Each structure stands twice: as C-alpha cells, then as structure tokens.
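> give me a 3D structure for the following:
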Amino acid sequence: ADAAAPFLVLRVRRASLVEDALESLAGNTPLSLLKPLRVVFVGEEGIDAGGLRKELFQLLIEALFTGGYGLFVWNEEVRCFWFSRDSLAQEGAADYLLVGLVVGLAIHNGIILDLKVPTLLFSQLLGEPSAS
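Numbers count the residues shown, from 1 in each chain. Okay, here's the model as predicted:
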C-alpha cells in the first residue's frame, strides 16, 4: 500500500471477493486502514461515491456469515448467528480477526451493516457487563 496515497483502495474481483478483500486488507498498516476507503470492482466501470463501499461490505458480510467459511452458524430459535464450534476448535482465530477488521472498517467508513448477532456480543465489544 502506498503510504502517501490519500485513500485506502481495495481492488476486488467479484468471483473471488472474500479472498481479494481479505488479502488486500491484511497487507495494510493500521495507519493505512484509517484512510477513507475507495472500492474498485476489477473489470467494472464505476466511481466509488459510497455505493460501491456499501455493496462491498454487504457482499462480504453475507459471504462470511452464510458462505462456506464455517465461521458462524444460524440459530433459528433466536434468529441470529453465533460462532461455529467447529471453527473455534480449529485455527479460526485469524479468520475471526479478519471478520473483525471488515466490520471495524465498515464502521470507520460510516457503513451500516445488518449483522444478526446476539446483543451479548455487542455488550462484550462495548465492555459492558453481561447479565448473569
């Protein structure tokens, strides 16, 4: 990543969206990640005035939560996602770190995501005590 560039530019291909985005993000310094984000879908015309960023994050979240990555499982009873025990038992820590990076980057760039996770998770992220 170019340290002098005014923007963090993510170039992704739709066919390998998750891999391209996560590889591109992992190669940046923390300071670079704080720059305003611009998204380029390779092979498509379009200037990112906000719509491409929103689309990228929506597609990433959908793929990471419901795709074949096995990081989260849907609980129909409470209608939300939770961490997959299988993924937690394996070496999934790096994958979860990248999910957190994606969510944090979306928040930093003012993108509202439709995350269906338990309130307990948000309370933990905010450092609030959980109800016993």
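
> which non-adjacent residue is nearest residue 46?
residue 52 (5.9 Å; CB to CB, 6 or more residues apart in numbering). In short, each C-beta sits where N, CA and C put it, glycine included.

> make that residue 71, sorry
residue 87 (5.0 Å).

> does the one you found belong to a helix or a strand, and which?
Take DSSP states H and E as the rule and residue 87 turns out to sit in helix 85-89.

> which residues touch the helix or strand just after that helix?
The helix or strand immediately downstream of helix 85-89 is helix 93-108, counting by DSSP H and E. Helix 93-108 is contacted by residues 21-22, 25-26, 33-34, 37, 57, 60-61, 64, 69, 71, 83, 87, 113, 115 when judged by CB atoms under 8 Å, 6 or more residues apart in numbering.

> now the buried members of the residues you listed.
21, 22, 25, 37, 57, 60, 61, 64, 71, 87 (16 or more other CB atoms under 10 Å).

> reformat these as CSV; add pLDDT and secondary structure.
Conversion of these to CSV gives the following (pLDDT from 0 to 100; DSSP: H, G, I helix; E, B strand; the rest coil):
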residue, pLDDT, secondary structure
21, 90, helix
22, 83, helix
25, 85, helix
37, 92, strand
57, 93, helix
60, 91, helix
61, 90, helix
64, 86, helix
71, 85, coil
87, 74, helix
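
> okay, among these, which ones form the most distant pair?
Farthest-apart pair in the buried ones among the contacts of helix 93-108 is 37 and 87; separation 26.9 Å (CB to CB).

> double-check that residue 82 belongs to a helix.
No. Counting by DSSP: H, G, I helix; E, B strand; the rest coil, residue 82 falls outside a helix, being strand.

> correct me, but it touches residue 72?
Yes. Here residue 82 reaches residue 72: they are 6.6 Å apart, a contact under CB atoms under 8 Å.

> between the two, who's got more neighbours?
Shown here are residue 82 and residue 72; by other CB atoms under 10 Å, residue 72 has more neighbours (20 against 14).
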